[in-house]
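A.B. asks: Fold the following for me, if possible:
(chains A and B)
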Protein chains: 2
Amino acid sequence: MIDTVQRSASRLPVVVAVGMTPFAAHHADKNARDLTTDAVLACMQDAGLENLNQVEHGITSYESDHFNRQMTMGAILHDQVGMIPKPNLRVEGGGATGALALRTARAYLLSGMCDSVLVYGCELNGRSVSSQTANQLFALSADVDWEVMLGGTYTGFYAAMMRAHMEQYGTKAEQFAHVAVRNRRNAARNPLAQKPLELTIDEVLNSRMIADPYRLLDCSLLSDGAAAILLSTRDWAEAHSERFAQRPPIHFSASGCGTDTMRLGDRFPNITNFAAKKYAAEKAYEQLGITEPKRAIDLAECYDSYSGAELQSMEDLGFAKRGQGGPAIAAGEFDADGILPVNPSGGLLGRGAPVGATGIAQAIEICLQLWGEAGERQVYGAQRGLTDTHAGIGSICVVNVWEQRD
Amino acid sequence: MIDTVQRSASRLPVVVAVGMTPFAAHHADKNARDLTTDAVLACMQDAGLENLNQVEHGITSYESDHFNRQMTMGAILHDQVGMIPKPNLRVEGGGATGALALRTARAYLLSGMCDSVLVYGCELNGRSVSSQTANQLFALSADVDWEVMLGGTYTGFYAAMMRAHMEQYGTKAEQFAHVAVRNRRNAARNPLAQKPLELTIDEVLNSRMIADPYRLLDCSLLSDGAAAILLSTRDWAEAHSERFAQRPPIHFSASGCGTDTMRLGDRFPNITNFAAKKYAAEKAYEQLGITEPKRAIDLAECYDSYSGAELQSMEDLGFAKRGQGGPAIAAGEFDADGILPVNPSGGLLGRGAPVGATGIAQAIEICLQLWGEAGERQVYGAQRGLTDTHAGIGSICVVNVWEQRD
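C.D. replies: Next up, the predicted model:
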């Protein structure tokens, strides 16, 4: 495999502009089309574009037809945002959908098949659009033939993984409760976040038990929302967006992806961590020659679908040694004022997670931070940020790296 | 936009191997996993690979969660075919899904992000896996908010387009009935085809009226099936597959994609043809410097979801002048012994159409023809073949071009 960064530096994608809606449990009177339009209009405004006539390609990101009771919604959204007759495709990979859409935009740009791509994602997970609730539909993202029939749910699988981590490494509930507290506190400084909360560790530890060891406040949110990023070659950005020249340029400099079995049982006895995430991170780090990720990465948005999932991910991403995620988190290493701020946006726990928009929103947070436009939650001096996004319990993991460099 | 062929000839994807299942209304005791496995095993056998350890990336192609009552099925299929921990994503775009998956594999290969990609697609459309029939579910691929509520169906929209074509250009039912007869006759020489039939024009014209002007025998099939293609750089193919060197090399040399509104009413009064297909074809031809497609293309697999859709497509692809598709078809220009054989496989009418596999199966037919391995239906002397695949009534259109050259 060729080192893409070396080979085609001039085609390396840059971020032209970003836009997103507030994330919320429910946007009254807004469906997937409306939310997508809002996010894309915000992105166009950010880029200083009056229309999308010059943008060459669209990539649509959403998780499931079930949430909208609509097939081929990519064609509808592509029309809605004004991109006809330009090419379109939809990318999907469960929770990793948004990050895979960005990764695929990266492939199209590096390939030379186009010079600009608008990636837009949305989901209506906070409310039901069919006769079934979002939770019932999410059950279908576990293996229907082999797990769901036995009553398996993702909360249960995540809980089993964390229980194994506790037993193998002595990880404590107070340690992952720290994530539940910190990310919701971070969300309080994010005006688009769904559920900012000021909590104590004790409040998390005393909240209702859902699936041992996870309690109510360890669990992330179901959200409605949309997000969009315009990526292009540097030449295209300079030619089409005056705004681009006014900000430090951000390059989408590396992307790794790895996979694992959907069924937890198939991974036994190695169930304390996300093997596919480690694989994805290693691939991304290789592309940049990174050997000490904790030093090399300045901030990260991580997939805290459950508080402990962030703890496990710190190890898989190389931010803590295997088994040492708990102490590192409890010591505040990943807090807003820590050595490597994680989830300054509030993460899935505090900002929210409309699936098809989540990975895109993570990248938007990194961009705002690297541009110095993150307001009250600004992390100072950051030049390289990472997004970590996964499907299911890590069946598909994507690690994307974004760098501010000239 | 850079001419990708000129820029990176050494990365231009080649076809390593192909594999597919028979297409059928129903495969007893085979679900999407089984069919996908069968297709991938056939592809591995074709490549002479014992396993997929060396293959770097997987791309999954299927249309809807509704057909399987399973979300993120890409993760399951990727595991099923033995590709963990390699990267995976799912691509979707209605009827164009398989062609978009191949197009996306092309982007990943040209980008340098990987050197080999297995594209595998499947669908269970021939039978129902939920409480609703496939036809009821397909209704959800029209615009649910604006069309389906009014009773709109795709057969009706296709019929309205063809009726407009007849009125504007004097096209006759006998002319598109020729497609219904020819493609099913071609299917009789394809051992994997779903519904070979020896028919007469009169039999088509006297079959039951479905939506004027379309009769039962003008309509294509609902199918179960799977198909897989292994694409790579030429270097990878030469290093990993002995079989590759034994065949004339086939390059995936161009790809165009265009889009149009999902709703027919939004295109009024221009409803006789597929504007997005014309756009997609022009983009593909530009990449190869083709100005006379009827001379430059030796054979094609076209999206004959209805007999008249092939007639309209002949015009949009530049194989007939606007309005002259009918006479060209009736004159036999696109028959097996014509100037430009179309749908030698039998097409959607005769071979069948399991959506996520359809675009891949079209490309497989082109490969078999260019390799000289198409048996009884061999088109002699062909060096350049085209696949034409679309979603809905042409909301997303993809034109991929495959060439045999050293």
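
A.B. asks: CA atoms for contacts and neighbours, from now on please.
C.D. replies: OK.

A.B. asks: Let me see the contact set for A:Asp46.
C.D. replies: A:Ala17, A:Val18, A:Gly19, A:Arg243 (Cα atoms under 8 Å, 6 or more residues apart in numbering or on different chains).

A.B. asks: got a markdown table for those, with distance to A:Gly112 too?
C.D. replies: Output for the contacts of A:Asp46, formatted as a markdown table (distance: Cα to Cα, whole Å):
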| residue | distance to A:Gly112 |
| --- | --- |
| A:Ala17 | 20 |
| A:Val18 | 22 |
| A:Gly19 | 25 |
| A:Arg243 | 24 |
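
A.B. asks: Among those, which lie within helices?
C.D. replies: A:Arg243 (DSSP state H).

A.B. asks: Neighbour-wise, give me the winner out of the contacts of A:Asp46.
C.D. replies: When neighbours are counted by other Cα atoms under 10 Å in any protein chain shown, A:Val18 leads those with 29 neighbours.

A.B. asks: unless I'm mixing things up, it is touching A:Leu231, no?
C.D. replies: No: using Cα atoms under 8 Å, A:Val18 is not in contact with A:Leu231, being 9.1 Å away.

A.B. asks: about what we covered before: could you identify the most distant pair in the contacts of A:Asp46?
C.D. replies: Spatially, the most separated pair among the contacts of A:Asp46 is A:Gly19 and A:Arg243, at 13.7 Å (Cα to Cα).

A.B. asks: At the contact with chain B, which residues of the stretch 201-350 of chain A appear?
C.D. replies: When proximity is defined as Cα under 8 Å from any Cα of the partner chain, the stretch 201-350 of chain A approaches chain B at A:Gly256, A:Cys257, A:Gly258, A:Thr259, A:Asp260, A:Thr261, A:Met262, A:Ala276, A:Tyr279.

A.B. asks: Most neighbours out of those, which is it?
C.D. replies: A:Cys257 (31 neighbours).

A.B. asks: and the residue in the stretch 51-200 of chain A that chain B sits nearest to, what is it in contact with?
C.D. replies: Nearest to chain B in the stretch 51-200 of chain A, going by Cα to the nearest Cα, is A:Ser111, at a distance of 3.8 Å. Contact analysis of A:Ser111 by Cα under 8 Å, 6+ apart lists B:Thr4, B:Ala107, B:Tyr108, B:Leu109, B:Leu110, B:Ser111, B:Gly112.

A.B. asks: and the fifth one, how many neighbours does it have?
C.D. replies: Applying other Cα under 10 Å, we find 29 other residues in the vicinity of B:Leu110.

A.B. asks: same check, this time on the fourth one
C.D. replies: Applying the criterion other Cα under 10 Å, we find 27 residues in the vicinity of B:Leu109.

A.B. asks: ok, now the third one?
C.D. replies: For B:Tyr108, the count of nearby residues is 27 (other Cα under 10 Å).

A.B. asks: Surely it touches A:Ala105?
C.D. replies: No: judged on Cα under 8 Å, B:Tyr108 makes no contact with A:Ala105 at a distance of 9.6 Å.

A.B. asks: tell me the SS of the residue lying closest to A:Gly19 once chain neighbours are set aside?
C.D. replies: Counting by Cα to Cα, 6 or more residues apart in numbering or on different chains, the nearest residue to A:Gly19 once its immediate chain neighbours are dropped is A:Cys43, at 4.0 Å. Look at A:Cys43: counting by DSSP: H, G, I helix; E, B strand; the rest coil, its state is helix.

A.B. asks: A:Cys43: neighbour count?
C.D. replies: A:Cys43: 23 surrounding residues under other Cα under 10 Å.

A.B. asks: List the residues that contact it.
C.D. replies: Per Cα under 8 Å, 6+ apart, neighbours of A:Cys43: A:Ala17, A:Val18, A:Gly19, A:Met20, A:Ala228, A:Ile229, A:Leu230.

A.B. asks: For these, work out which two are farthest apart.
C.D. replies: Every pair of the contacts of A:Cys43 checked by Cα to Cα; the farthest is A:Met20 and A:Leu230, at 11.8 Å.

A.B. asks: Distance to B:Gly375 and pLDDT for the contacts of A:Cys43 - can I get that in a markdown table?
C.D. replies: Output for the contacts of A:Cys43, formatted as a markdown table (distance: Cα to Cα, whole Å; pLDDT from 0 to 100):
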| residue | distance to B:Gly375 | pLDDT |
| --- | --- | --- |
| A:Ala17 | 53 | 98 |
| A:Val18 | 53 | 98 |
| A:Gly19 | 54 | 98 |
| A:Met20 | 54 | 98 |
| A:Ala228 | 49 | 98 |
| A:Ile229 | 49 | 98 |
| A:Leu230 | 48 | 98 |
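
A.B. asks: Just name the closest of these to chain B, please.
C.D. replies: A:Leu230 (16.5 Å).

A.B. asks: Can you report how many residues neighbour A:Gly265?
C.D. replies: Other residues close to A:Gly265 by other Cα under 10 Å number 12.

A.B. asks: sec struct for it, please.
C.D. replies: helix.

A.B. asks: State the distance from it to chain B.
C.D. replies: 13 Å (Cα to the nearest Cα, to the nearest Å).

A.B. asks: And A:Ala228, which helix or strand is it part of?
C.D. replies: Per DSSP states H and E, A:Ala228 falls inside strand A:224-232.

A.B. asks: which residues in the stretch 201-350 of chain A form helices?
C.D. replies: Counting by DSSP state H, counting those that start in this stretch, the stretch 201-350 of chain A has helices at residues A:201-205, A:234-240, A:242-245, A:275-288, A:293-296, A:307-316, A:325-330, A:347-350.

A.B. asks: which non-adjacent residue is nearest the residue of the stretch 51-200 of chain A closest to chain B?
C.D. replies: Here the residue nearest A:Ser111, using Cα to Cα, 6+ apart, is B:Ser111, at 3.8 Å.

A.B. asks: Which secondary structure element is home to A:Arg106?
C.D. replies: Per DSSP H and E, A:Arg106 falls inside helix A:97-111.

A.B. asks: So for stretch A:107-118, mean pLDDT?
C.D. replies: Stretch A:107-118 shows a mean pLDDT of 98.

A.B. asks: Determine how far that stretch lies from the middle of the whole chain.
C.D. replies: Chain-centre distance of stretch A:107-118: 21 Å, with Cα atoms, centre = their mean, to the nearest Å.

A.B. asks: Also stretch A:172-187?
C.D. replies: 18 Å.

A.B. asks: can you check stretch A:268-285 too?
C.D. replies: Using Cα atoms, centre = their mean, the offset of stretch A:268-285 from its chain centre is 17 Å.

A.B. asks: now stretch A:197-204
C.D. replies: With Cα atoms, centre = their mean, you get 24 Å for stretch A:197-204.

A.B. asks: Tell me the buried residues in that stretch?
C.D. replies: By 16 or more other Cα atoms under 10 Å in any protein chain shown, the buried positions in stretch A:197-204 come out as A:Leu197, A:Leu199, A:Ile201, A:Val204.

A.B. asks: What of stretch A:164-183?
C.D. replies: A:164-166, A:171-183.

A.B. asks: how about the residue positioned nearest the centre of chain A, secondary structure?
C.D. replies: What sits nearest the mean C-alpha location of chain A, by Cα atoms, centre = their mean, is A:Gly359, with 2.8 Å. Judged by three-state DSSP, the three-state class of A:Gly359 is helix.

A.B. asks: I'd like the mean pLDDT over the helix or strand containing A:Thr36, please.
C.D. replies: Using DSSP H and E, A:Thr36 falls within helix A:32-47. In this model, helix A:32-47 has a mean pLDDT of 97.

A.B. asks: Can you name the next helix or strand after it?
C.D. replies: strand A:57-61.
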